[in-house]
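Asks: Mind looking at a prediction? Sequence and model below.
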Amino acid sequence: MNVFIFLLKRFGLMIVTVWIVFTVSFFLMRQIPGGPFNGERVLSEAVRARLEARYNLDAPISEQYFTHLYNTIQLDFGPSFKMQDFTVNEVLAQGFPVSAALGILGMVFAVTIGMTSGVISAVHRNSVYDYSFMLLATLGIAIPNFVLAAMLIVIFVFNLQLFPAAGWGDISQIILPAFCLGAPFAGYIARLTRTGMLEVLGNDYIRTAYAKGLSPGTVVLKHGLRGALLPVVSYLGPAIAGILTGSLVLERIFVIPGMGSHFIEAAIQRDYTLAMGALLTYTVLLFVMNTLVDLAYSIIDPRVRLE
Amino acid sequence: MEFHTDSGVVQAVNRVSFDLYPGETLGIVGESGSGKSVTNLTMMGLIAQPPGKVVGGSVKYADRELLSLNQKQWQQIRGKKISMIFQDPMTALNPFLTVEEQLVEVTMLHMGLSRTEASKHAVELLKKVGIPAAEKRIRDYPHQFSGGMRQRVMIAIAISCQPDILIADEPTTALDVTIQAQILELMKSMQEEFGTAIIFITHDLGVVASICDRVMVMYAGRKVELSTTINIFRQPRHPYTVGLLNSAPRWDQGEEELQAIDGQPPDLLDLPPGCSFNPRCQFVQDACLNETPPLFSLENEIPHQHACLRDITTLKEDV
């Protein structure tokens, strides 16, 4: 019951937030100089007028706002300005699952690699393991993913010939980009886990656990890990929302038809409807992920009450 | 027992020796930093090494040398033969696990009980330590218990395998006075039931008087006096013990002002030469500044050990 009320509240809050994001970005986008039909080729007045009429751009801005809002409430984002013959819904429906699949696998890599190395680093603090994992973590964060992608392609595609270089549709094609996508996150998670774990291991109840005669493994994993997870979980929410909406660079390098490129290009090309669709999807995702984080918190730590 | 810190090597516990007999309660008294806790954590093998380092000495349990045990062997001792309760029950229990989980993991490990057996056993233990509605409360988390109740849970965990030795590190310091009395009562009755020997670390002399058979007084990592509780209270032979006794309120001394011991506990990194207590001692003489006092053992009817060159009982008439 508690959880139900909590979710209901969150949903209400989300609707308000989405509306604010919608309004602000609607007017901001139209304030930016240039429009969707300003290309290299100058259009004649007649053509421009017909185009604007087709996309309802000749109406007063308040009317445009309410029409667009009304359609959006019905989850209809309208036609894309730049990708003719496609509605925004179609573009999102095509790109989002691709980016999501890539993002989820990337996150799985990041969480497993990051948490394992973080725990090992904390337990064997200041050891060779600790130093090498933390060096790798810093490298993972610092190396831009296009550099990492290039390195991995050279090693795994050309030298070892394990994976194809690019494309989408086969399991073998998703592994390299997912790894590149997850690498910086793995670095952050490793550092967070290490710090969290070190803090937890200094607690009195860890000493109690040792005094009970439990093995070091049980003490660390059963008594330590839960507390160490909390900072990682709060980081994961926004991180997942970000990763699911795709990566422009990686999707370009590995020729993946995801959301990443739409996100950037829609804004650059003033594709009002597509930009709005992508932005609202991201907003909702971020909200959902943060709600999940709060739920996870209350499951991990019994002292946390949902409000 | 040494600690290697950035600012130097600290000898936290030095030449401390004592025997513990089955079923007795030994009090260890001293100021903060006098090495009480370190002594006992060493006995449990719970000092992190590094920075800690056991340079020498011996801890024997039933003729077995504990300091040479490996990790696996230690695990067979801890929680089963020797168990421990801590000062702050708020932080000594894991906030993420139910009380049940924290109870059953010990008995499942050391007594080989199944989960259902261990659960039953745990409920009985909670009843025994006086937790009302134990069947229901066992599924609660530590934060749902009051401080006194938490310390009861800690005791239940500590006695769950009927250990031979229970080390209690200031178990009542963090509790209200009324709750303190209840917890002491509980520990006494548990001791009677299981014949457990208790090492009671405290700086509260009232607690010592009410529960301990013998008392060891520690100062700056050394044993300065050890005898029966009655003897220590009646006939203290070390000036530090006298200072401790004078600084505690007593019912028979009426309105008299308490006499605090002057000065601060010494910095273990920078101990004065000779007797560590000499800067604060009112009976100090030249020998105290040069010579570290040996341990004098008086084998009267009641054995009494002290580490003072001047045995102040012989001085009392002069002063």
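Replies: Right, received. Where do you want to start?
Asks: what pLDDT does residue 53 get?
Replies: I'll assume chain A. Note on A:Ala53: pLDDT of 78.
Asks: you looked at the wrong chain, it should be chain B
Replies: pLDDT, B:Lys53: 75.
Asks: Run a quick neighbour tally on it.
Replies: 12 (other CB atoms under 10 Å in any protein chain shown). Just so you know, the C-beta spots here come from the backbone N, C-alpha and C atoms, and that holds for glycine as well.
Asks: would you list every one of the helices in the chain?
Replies: I'll assume chain A. A:2-31, A:45-54, A:61-73, A:88-123, A:128-142, A:145-152, A:171-201, A:204-211, A:216-218, A:225-244, A:248-253, A:260-268, A:272-300 (DSSP state H).
Asks: Chain B, not that one
Replies: B:36-43, B:71-77, B:89-92, B:99-110, B:115-128, B:134-137, B:147-159, B:177-194, B:205-211, B:229-234, B:239-246, B:286-290.
Asks: follow-up on the earlier one: nearest to B:Thr25, of the helices of chain A?
Replies: Closest of these to B:Thr25 is helix A:204-211, at 19.2 Å (criterion: CB to CB).
Asks: can you give me phi and psi for A:Pro257?
Replies: Note on A:Pro257: backbone dihedrals following degrees, to the nearest 10 are phi -80, psi 60.
Asks: isn't it right up against A:Trp168?
Replies: Yes - using CB atoms under 8 Å, A:Pro257 makes contact with A:Trp168 at a distance of 5.9 Å.
Asks: which residues are common contacts for these two?
Replies: Contact criterion CB atoms under 8 Å, 6 or more residues apart in numbering or on different chains; residues shared by A:Pro257 and A:Trp168: A:Val98.
Asks: thinking again about what came up before, okay if I get the helices of chain A as CSV plus mean neighbour count?
Replies: Below are these laid out as CSV (neighbours: other CB atoms under 10 Å in any protein chain shown):
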stretch, mean neighbour count
helix A:2-31, 13
helix A:45-54, 12
helix A:61-73, 13
helix A:88-123, 20
helix A:128-142, 15
helix A:145-152, 16
helix A:171-201, 22
helix A:204-211, 22
helix A:216-218, 13
helix A:225-244, 20
helix A:248-253, 19
helix A:260-268, 20
helix A:272-300, 19
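Asks: so can I have TSV of these showing distance to chain B?
Replies: Shown next, in TSV, are the helices of chain A (distance: least, CB to the nearest CB, whole Å):
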stretch	distance to chain B
helix A:2-31	16
helix A:45-54	60
helix A:61-73	42
helix A:88-123	12
helix A:128-142	14
helix A:145-152	35
helix A:171-201	10
helix A:204-211	4
helix A:216-218	7
helix A:225-244	4
helix A:248-253	37
helix A:260-268	38
helix A:272-300	7
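Asks: B:Ile232 touches B:Asp213, doesn't it?
Replies: No - contact criterion CB under 8 Å: B:Ile232 and B:Asp213 do not qualify, at 11.0 Å.
Asks: residues in the stretch 51-200 of chain B within reach of chain A, list them.
Replies: B:71, B:74-80, B:83-84, B:86, B:88, B:91-97, B:105-106, B:109-110, B:141, B:143, B:154, B:157 (CB under 8 Å from any CB of the partner chain).
Asks: rewinding a little: looking at the helices of chain B, which one is packed in the most?
Replies: Compared across the helices of chain B, helix B:147-159 shows the largest average neighbour count, a mean of 24 (mean count of other CB atoms under 10 Å in any protein chain shown).
Asks: Residues in contact with that one: which ones?
Replies: A:208, A:212, B:83-86, B:89-90, B:92-93, B:99, B:102-103, B:106, B:122, B:125-126, B:128-131, B:142, B:145, B:166, B:171-172, B:174-176, B:179, B:182-183, B:186-187, B:190, B:194, B:196.
Asks: rerun at 6 Å
Replies: B:83, B:85, B:89, B:92-93, B:99, B:103, B:125-126, B:129-131, B:142, B:166, B:175, B:179, B:183, B:190 (CB atoms under 6 Å, 6 or more residues apart in numbering or on different chains).
Asks: Check the offset of that helix from the chain's centre.
Replies: 17 Å (CA atoms, centre = their mean, to the nearest Å).
Asks: Can you report how many residues lie near the closest residue to A:Trp168 other than its chain neighbours?
Replies: Computed as CB to CB, 6 or more residues apart in numbering or on different chains, the closest residue to A:Trp168 that is not its neighbour in sequence is A:Ile256, at 4.9 Å. As a burial measure, A:Ile256 scores 25 neighbours (other CB under 10 Å).
Asks: A:Ile256 contacts A:Gly169, correct?
Replies: No - A:Ile256 lies out of contact with A:Gly169 (CB atoms under 6 Å); the separation is 9.8 Å.
Asks: count of residues packed around the residue of the stretch 101-250 of chain B found nearest chain A?
Replies: Nearest residue of the stretch 101-250 of chain B to chain A: B:Tyr141, at 4.3 Å (CB to the nearest CB). B:Tyr141: 19 surrounding residues under other CB under 10 Å.
Asks: tally of neighbours for the closest residue to it other than its chain neighbours?
Replies: Residue nearest to B:Tyr141 in three dimensions, not counting chain neighbours: A:Pro302, with 4.3 Å by CB to CB, 6+ apart. A:Pro302 has 17 neighbouring residues, counting by other CB under 10 Å.
Asks: Over to A:Pro302: give its phi and psi.
Replies: phi -60, psi -10.
Asks: Distance of A:Pro79 relative to A:Ala150?
Replies: To A:Ala150, A:Pro79 is 37 Å away according to CB to CB, to the nearest Å.
Asks: Any chance of TSV for the helices of chain B, columns mean pLDDT?
Replies: Shown next, in TSV, are those (pLDDT from 0 to 100):
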stretch	mean pLDDT
helix B:36-43	80
helix B:71-77	83
helix B:89-92	85
helix B:99-110	87
helix B:115-128	86
helix B:134-137	86
helix B:147-159	86
helix B:177-194	83
helix B:205-211	84
helix B:229-234	82
helix B:239-246	80
helix B:286-290	74
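Asks: Return the residues in contact with the residue positioned nearest the centre of chain A.
Replies: With distances taken as CA atoms, centre = their mean, the residue of chain A nearest its centroid is A:Gly242 (1.9 Å). If you count contacts by CB under 6 Å, 6+ apart, A:Gly242 has none.
Asks: Quick check: bridge partners of the residue positioned nearest the centre of chain B?
Replies: Centroid-nearest residue in chain B: B:Ile201, 2.2 Å away (criterion: CA atoms, centre = their mean). Beta bridges link B:Ile201 to B:Ile28, B:Asp169, judged by DSSP bridges.
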